[in-house]
Structure formats: structure tokens, C-alpha cells
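**Q** could you look at this predicted model? Sequence included:
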Amino acid sequence: MRIRALVAMALVLTLAPAVPALAESPPAPPSASASPSPGPDETAPVDVPAPPADGEPVPKLEAGLAAESDGTRVIVELAAPEEAAPVAGEAARLPDAQVVLEPSGTSFIVVEGSGESLAKLAEDPRVRSIRRDRTYSPAALGSLGSLAASLQVIGADKAHAAGTKGAGQTIAIIDTGIDADHPDFGGKVVEQACFSATDEGAQSLCPNGQTSDPGSADAETPACVHEQVNLCDHGTHVAGIAHAVAPDADIVAIQVFSRFNDCDEAGGACLSAFESTILLALEHVAKLKEGGRNVAAVNLSLGGGLYESACDAEPEVASLKSRIDDLRARGVAVVAAAGNEGVVGAGAPGCLSGAVTVGATGDDDTVPYWSNHGSVLDLFAPGLEIDSAVPGGGHQVYSGTSMSTPFVTGALALMAQKAPGTPDALEAALKNAGRQITYDGVTTPRLDLNAAIAGGTPGAPVTPPAPDNPSDDPDPDPGAEPSPEPSSGPTPTPIPADPVPTPIPLPTVTVTVTVTVPPTAPPAAAPAVCTRGKSAKTLTATQWATEISRGSGTIPDATLGCYLGLVGKASKVFSEVTRAATLGTAYKVLKPAKKTSKAKLESELLAAWLNWANGGVNFTAKINEAATLKTVLTSVEKQRLKGTTPAASTSLLKKQVNTRRAA
């Protein structure tokens with residue numbers, strides 16, 4: 001069965017990136033024919049995959065699906081909506097296949113089936129592609145702060161004073177639902193809908209308990225509550241920020257998450273959104289626009305995977321790209337959170353060029369160490385200590401790129417009222433008027449509505465300290481050999497002298513939503529920001545098994561959970577193909593009961609990823625004369641997805657990555 005990467009305290013879409021996550025400083029692209037020569041240890045050449053030639057068709061079936069013997073949940077994209085029913089009928093007749101979702105009026109269905117059945121289905125000429133139905137999460141963190149102060153930073157107060165408040169515009173919030181009766185909204189919630197998966201252990205969050213509810217996205221439905229804690233507060237908080245920026249704009253709230261009760265060994269509850277439900281929500285917005293609802297912008301404070309640059313060419317996000325591009329062509333901007341991993345790049349859908357991608361700044365225009373950053377971002381906006389609405393009529397303070405994103409969503413509604421234009425024109429106006437923030441050789445504008453709408457002068461360019469990203473630190477003593485003992489490895493997030501509040505995780509598409517305790521209960525502790533560690537050593541698979549085993553290692557369980565979350569986002573094998581999302585499941589991979597060739601390769605592969613997450617080796621590290629860690633992991637994962645597990649690849653990982661310090 002398909003596995004979700006659900007990691008407490010880290011909200012990120014669980015879309016696996018097309019290449020291993022983000023390199024600290026991208027190396028020059030290797031030649032497609034580059035392959036290291038086997039050494040005396042009999043390691044095999046690493047085949048660096050070449051990009052498809054222009055005009056070369058992309059395979060219909062996503063890599064690795066044909067080799068799956070168990071059932072896998074997939075999205076089957078079709079050429080037209082009228083083909084959904086006949087193709088669903090064909091899928092239902094295949095052995096080991098089941099149609100789990102057949103939405104009306106849309107050009108895809110969701111099927112769960114074995115690799116053999118999916119390969120057979122891919123032969124149908126009406127099928128355009130078959131991709132894993134990945135999961136996503138929300139992106140947020142928590143503390144004390146002022147929304148009013150942040151509104152002043154971006155000049156929204158001056159825009160309001162000039163009469164620009166978003167009148168006649170609509171903003172759509174695709175998230176964890178909404179408390180539409182919250183007094184902050186003043187009756188501006190005019191439409192609601194819910195799309196929530198119910199298979200693979202998922203529980204619907206739709207008020208009617210079904211996979212869809214055309215009339216409600218209530219965030220106070222009983223399924224949202226776990227031990228007196230509301231799991232669905234993220235969407236209300238996000239909507240509250242967008243409404244504060246554009247108080248006269250109408251709000252459309254769409255719930256896309258599902259509840260899972262097996263998120264950790266203790267049976268904790270969390271939320272995740274399947275890609276298929278997000279696609280349905282985006283199509284719902286398109287229908288609203290077509291029907292006359294003047295939607296200016298869509299807010300997606302969620303994400304999955306890690307991409308260091310635009311991901312438009314990656315097959316696994318093709319469905320998201322087509323829906324976002326379609327909305328943009330209809331005049332609707334899609335605004336997405338960059339993510340809170342503190343890396344150069346963004347998760348999906350923020351990595352798509354059709355999205356307006358937003359990172360976080362403090363009110364002093366510094367970039368918090370946890371905000372993703374770099375050239376893939378379009379704008380910065382305040383995301384540090386933002387107080388906003390939560391279900392039940394109360395307020396809570398969160399931080400994160402989840403909070404930054406609705407500032408831009410609301411700003412686009414104001415721009416659409418003041419100077420109607422295409423999403424391209426509105427986005428360009430905001431970027432041109434923004435205060436220029438330069439760091440690490442990259443300049444990203446911070447949102448400034450006063451300059452964009454009222455014609456004010458943007459703030460002077462600023463060069464704050466670069467984000468404190470542990471993964472960017474040079475490797476100490478690159479030639480040192482590791483100690484035979486497991487590394488103690490610091491917790492992934494160093495605590496600054498003046499602590500910066502951690503961001504509230506975005507709902508993942510696998511959304512791990514940040515829970516808010518009701519006013520009667522003590523406030524929940526802010527989740528720790530999950531970033532790479534700073535270890536100077538690499539560990540063997542056996543040593544990692546010791547660390548993962550409860551009470552046996554020296555790395556805290558919370559840190560290990562963070563590492564597994566990073567691996568789940570960066571890897572295409574874990575946990576989309578092989579379950580390694582919890583300490584228990586990761587231990588079984590690292591120390592398999594039966595040492596088959598597949599088990600041995602997966603053990604060394606997971607150890608290599610954990611060494612990367614712990615900081616012991618960077619993607620740019622040379623494994624031999626012709627390959628870096630990044631190219632090796634890419635090649636080995638490609639082999640595993642094809643169902644091959646060569647012993648030479650296992651040996652390469654074991655001897656060149658996991659038992660000695662990579663140079």
C-alpha cells in the first residue's frame with residue numbers, strides 16, 4: 001500500500017521531488033554519460049540519468065509503479081472528462097485494481113492497484129498519465145505577535161485609508177476548512193466546499209462524513225477534534241490574515257485534508273491532503289470563476305517535496321501545474337508557501353513557475369532561519385509571530401510561510417480592485433514595488449502595498465544577515481574518519497541567542513497541521529523547526545538502527561523524526577514506495593529480518609539519506625572522481641524504482657557513503 005510521510009511538527013507537502021532534495025550549492029551538471037569506474041571494492045558505475053531529449057514522450061506510468069506488487073493509490077489522468085466513466089469501468093475489471101474516486105465532470109480518476117494492473121491500464125490510449133497520489137501538509141510555526149503591526153509593514157493600512165479594501169473581489173482558501181462564524185470574518189465567507197479522502201486509513205473531515213460536501217468546509221466538525229484539540233485551525237488562521245489584508249473581499253473556503261490516527265508510534269492524530277483532493281479543489285475554483293464568481297487569487301499554504309529551482313518539467317507535479325496554469329489563464333493567481341525547511345528552494349506547488357511563491361520575513365525585514373529562500377521565490381511577506389483567528393472565536397499566534405502567503409493573496413485582491421489586470425500584471429506590479437531584500441547573492445522583493453497601490457516609495461534596499469541555514473555550513477574536517485560510536489548529532493535546529501519563533505507547519509499535502517488548543521486549555525508548545533543537523537560524522541546502517549531504536553542511541557527521538565520527515569520529502573523511495581516514516585518502520589528498513597538484495601539496498605539507501613539529514617555529508621560531496629552524493633542517490637533510487645537492486649550499488653553506498661567521511 002502507498003505510504004504517507006507524516007512527521008509531527010513539520011508541515012510539508014509530501015510530494016517526492018524529482019531529484020534528491022536541495023543541494024547546498026548546486027554542482028555543475030554532470031555529463032549524461034558520466035559514470036565512475038569500479039574500484040577494487042567492486043562498486044559499480046553510477047549511471048547519471050540524462051534529461052529526455054526534446055520531443056521525447058514522457059512515459060505514461062510513473063517510474064517504479066510497474067514494479068509494485070502491493071496496491072498503490074494513483075491518479076489516472078485522462079484526455080477528457082467524458083472518458084472517466086469508461087476508463088473507470090476498464091480499471092474495475094482489472095485484477096488487483098479498485099476505483100476509489102471517480103469525480104464527476106473532471107478528467108481524472110483515482111485507482112488503487114498493483115503494478116501489473118496499472119501497467120495494463122496505461123496501455124489504454126485514453127490514459128494520459130498514471131502518477132502516485134501524493135500527500136501534502138500545511139506550513140506554519142507559534143508565539144506572541146501583532147497582525148496590525150505586519151499590516152503596517154506592508155502598507156495595507158494606507159491602502160485601506162485610500163479606500164482600497166478588495167471590494168468586488170473573492171479570495172479562495174484551500175486548506176483545513178474554516179470557522180465561518182468567527183466574528184473576525186464579518187459574514188464574508190460566501191462559499192464553502194470539502195474534498196476529503198476516506199481510504200488508506202484516512203477519515204473524512206467533511207461535515208457529512210463523505211468524500212465531498214458541496215456546501216460546507218466547517219473546521220469545527222467533530223472529526224477535526226482530537227482530545228479537545230482542534231486539528232483544523234490552520235485554515236481559519238490563514239483566512240484571517242487574508243481577510244485582514246482585504247477586508248471587503250469575499251472568501252471561498254475549501255477543505256482538502258483528511259485525518260489519520262496512525263501518525264506516530266503513540267497513535268497521534270494528524271492531517272494530510274492527497275494531491276487528488278487538491279486537484280478537485282482547484283477545479284472547483286475554476287468552475288466558480290466560470291460561473292461568475294470574481295476570484296482574484298487562491299491561497300495554498302501547503303506543500304510537499306523539496307526543489308532547488310522551478311519544477312515545471314517534473315512529471316510528478318504535472319497535474320498540479322496544469323490546474324494552476326489553467327487558473328492563471330482564467331485570471332486567477334495561485335499563491336503558494338515556499339516552506340519552512342530553511343533551505344534554498346521550495347516545496348510543491350511553490351516550485352511551479354505558475355504559482356506566486358512566498359517566503360517569510362520578520363517585521364524588521366530579516367529572513368528567519370527557517371524560511372525557505374532563493375531565486376525560486378517571488379515575494380517575501382511577514383510570517384513571524386502573526387496573530388489571527390482560530391476556530392471557536394479565539395485567536396492564536398503562529399509563524400511560518402503559511403502565514404506569509406495570505407498576505408500576498410489578500411494583496412492581489414486589493415490590486416485587482418485598484419487596477420484590474422492579468423495575474424502576470426498584478427504579480428509584476430507587486431514585485432516591482434516591493435522592498436528589495438538581498439541575501440546570498442539573491443534579491444527578493446518584500447510585499448509593499450503602499451508603493452504598489454498608493455504610489456508610495458518602497459523602503460530602501462536592505463541586506464540582512466543570510467538565513468541561518470545549518471546545511472550551508474562547510475563540512476568540518478572533510479578528511480576525518482568517523483568514530484566507531486554513533487554520532488550524538490545536535491538537534492536539527494540550533495537555538496539562536498535571541499530565539500526566533502518557530503513557524504507553524506503548513507498543512508502537508510501530506511499536511512501535518514499545527515494543532516491549536518482551545519482557550520480553556522494551556523497553549524500548545526510551538527513545534528520545532530525541522531532542518532538538517534550539523535554532524536561531522538557519517539554512520540553505518542547498523543549504527544543508524546541503534547539510533548532509531550528507542551532508548552539505545554544518543555540522538556533525540558524528535559530529531560530523528562525530523563530527519564525521517566526530511567528524507568520523506570527528499571527521497572522518491574521513502575516513504576512513497578517503502579515505509580520509513582516512523583522510528584519503528586525505519587528500524588525495520590535499517591535492520592531487516594530477511595537480508596534479501598532489496599532489503600540490503602534499502603538499508604544502505606536509508607542510511608545514506610539519514611547521513612545527509614544529520615549533516616554528515618552534503619549532496620555536493622564527491623563519492624568518487626565522477627559522482628557526487630546527489631548523483632549517486634538519484635541513480636540508486638532510479639534503479640530501485642525500476643525494481644532492480646544491484647549488489648554493486650549496495651556496496652557503493654555502504655563503502656563510499658556510510659562507513660567513511662565523504663570528501
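**A** Sure, I can see it.
**Q** and the pLDDT for Y439?
**A** Turning to Y439, the model gives it a pLDDT of 84.
**Q** if I read this right, it contacts H373, doesn't it?
**A** Yes - in this structure, Y439 is within contact of H373 by C-beta atoms under 8 Å, at 7.0 Å. No exception for glycine: its C-beta is placed from N, CA and C like everyone else's.
**Q** higher neighbour count, those two?
**A** H373 (29 against 17; other C-beta atoms under 10 Å).
**Q** any weak-confidence spans in the stretch 51-200 of the chain?
**A** The stretch 51-200 of the chain contains residues with pLDDT under 70 at 51-57, 138-146.
**Q** beta partners for I251?
**A** I171, V189 (DSSP bridges).
**Q** against A281, how distant is it?
**A** 14 Å (C-beta to C-beta, to the nearest Å).
**Q** which parts of the stretch 351-500 of the chain are helices?
**A** Under the criterion DSSP state H, counting those that start in this stretch, the stretch 351-500 of the chain carries helices at the ranges 401-418, 423-433, 449-453.
**Q** dump those into JSON lines; add mean pLDDT as well.
**A** JSON lines is the format used below for the helices of the stretch 351-500 of the chain (pLDDT from 0 to 100):
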{"stretch": "helix 401-418", "mean pLDDT": "97"}
{"stretch": "helix 423-433", "mean pLDDT": "96"}
{"stretch": "helix 449-453", "mean pLDDT": "92"}
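**Q** these: which one's closest to S319?
**A** helix 423-433 (19.8 Å; C-beta to C-beta).
**Q** tell me the pLDDT of A266.
**A** At A266, the model reports a pLDDT of 67.
**Q** which residues of this protein score low on pLDDT?
**A** Using pLDDT under 70, the chain drops low at 1-57, 138-146, 264-267, 465-530, 550-551, 660-663.
**Q** check contacts around the closest residue to A541 other than its chain neighbours.
**A** Using C-beta to C-beta, 6 or more residues apart in numbering and skipping residues adjacent in sequence, the residue nearest A541 is A607, 3.9 Å away. Counting by C-beta atoms under 8 Å, 6 or more residues apart in numbering, A607 makes contact with L539, T540, A541, W544, L590, L653, V657, N658.
**Q** again, but for G383
**A** 359-361, 368, 371, 399-404, 407, 503.
**Q** which elements pack onto whichever strand or helix holds V76?
**A** In this assignment (DSSP states H and E), V76 forms part of strand 72-78. When contacts are defined as 3 or more C-beta pairs under 8 Å, 6 or more residues apart in numbering; DSSP states H and E, strand 72-78 packs onto helix 84-93, strand 108-113, helix 115-122, strand 127-132, helix 275-290, helix 318-329.
**Q** ok and the helix or strand that comes right after the first one relative to helix 275-290, angle-wise?
**A** Elements were assigned by DSSP H and E; along the chain past helix 84-93, the next helix or strand is strand 97-101. Between the axes of strand 97-101 and helix 275-290, defined by axes from the mean of the first three to the mean of the last three C-alpha atoms, to 10 degrees, the angle is 40 degrees.
**Q** pull out the buried residues from strand 97-101.
**A** Residues A97, V99, V100, L101 are the ones in strand 97-101 that count as buried (16 or more other C-beta atoms under 10 Å).
**Q** do the same with stretch 441-458
**A** For stretch 441-458, burial by neighbour count (16+ other C-beta under 10 Å) applies to T444, P445, R446, L447, D448, L449, N450, A451, A452, I453, A454, P458.
**Q** tell me who's in contact with the nearest residue to the last one once chain neighbours are set aside.
**A** Okay, so that is P458. The shortest distance from P458 to any residue other than its chain neighbours is 4.4 Å, reached at A451 (C-beta to C-beta, 6+ apart). Shown in contact with A451 (C-beta under 8 Å, 6+ apart): G155, A433, G434, T457, P458.
**Q** may I see those organised as a markdown table, with distance to E200 added?
**A** Output for those, formatted as a markdown table (distance: C-beta to C-beta, whole Å):
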| residue | distance to E200 |
| --- | --- |
| G155 | 45 |
| A433 | 45 |
| G434 | 42 |
| T457 | 53 |
| P458 | 48 |
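**Q** quick check, nearest of those to N299?
**A** Nearest to N299 among the contacts of A451 is G434, at 18.6 Å by C-beta to C-beta.
**Q** quick one, what contacts the nearest residue to the closest one once chain neighbours are set aside?
**A** Of all residues not flanking G434 in the chain, P445 sits nearest, at 2.6 Å (C-beta to C-beta, 6+ apart). Listed by C-beta under 8 Å, 6+ apart, the contact set of P445 reads L379, F380, L430, K431, N432, A433, G434, R435, Q436, I437.
**Q** check contacts around the first one.
**A** What it means is L379. Residues near L379 by C-beta under 8 Å, 6+ apart: V356, T357, V358, G359, V408, L430, K431, G434, T444, P445, R446, L447.
**Q** if we can go back for a sec, show me the two of the buried residues of stretch 441-458 that sit farthest apart.
**A** T444 and A454 (22.1 Å).
**Q** what secondary structure does the residue most central in space within the chain sit in?
**A** Relative to the mean C-alpha position of the chain, the nearest C-alpha, by C-alpha atoms, centre = their mean, is the one of G304, at 2.0 Å. Of the three states, G304 takes strand under DSSP: H, G, I helix; E, B strand; the rest coil.
**Q** just checking, it touches A570?
**A** No - between G304 and A570 there is no contact under C-beta under 8 Å: 11.1 Å.
**Q** looking at the buried residues of stretch 441-458, which is nearest V577?
**A** T444 (35.0 Å).
**Q** partners of the residue nearest to G434 in the sheet?
**A** Beta-bridge pairing of P445 under DSSP bridges involves Q436.
**Q** look up how far A381 lies from it.
**A** Counting by C-beta to C-beta, the gap from P445 to A381 is 10 Å.
**Q** A451 too?
**A** For A451, the distance to A381 - C-beta to C-beta - is 14 Å.
**Q** ok, now T463?
**A** 19 Å.
**Q** one more: A608?
**A** Distance from A608 to A381, by C-beta to C-beta: 37 Å.
**Q** L377 reaches G359, doesn't it?
**A** Yes - applying C-beta under 8 Å, one finds L377 in contact with G359, separated by 4.7 Å.
**Q** neighbour-wise, which of the two wins?
**A** Neighbours per residue (other C-beta under 10 Å) separate L377 from G359, with G359 holding more: 30 against 22.
**Q** partners of the more buried one in the sheet?
**A** Beta-bridge partners recorded for G359 (DSSP bridges): F380.
**Q** quick one: residues contacting it.
**A** By C-beta under 8 Å, 6+ apart, the neighbours of G359 are 338, 367, 371-373, 377, 379-381, 383, 401, 404, 444.
**Q** bridged to Q255, which residues?
**A** As for beta bridges, Q255 partners with D175, C194 under DSSP bridges.
**Q** kindly report the same for the one 4 residues further on.
**A** On DSSP bridges, the residues paired with R259 through beta bridges are Q203, L271.
**Q** need the contact list for N299.
**A** Applying C-beta under 8 Å, 6+ apart, we find N299 in contact with I171, A172, I173, I174, D175, V238, A239, A242, V335, T405, P406, T409.
**Q** and what of T409?
**A** By C-beta under 8 Å, 6+ apart, the contact set of T409 is I171, I173, A242, V245, A246, A297, V298, N299, V335.
**Q** the residue nearest to it when sequence neighbours are not counted: what secondary structure?
**A** Spatially, and ignoring its direct neighbours in sequence, T409 is nearest to N299 (4.2 Å; C-beta to C-beta, 6+ apart). For N299, the secondary-structure state derived from three-state DSSP is strand.
**Q** good, wrapping up.
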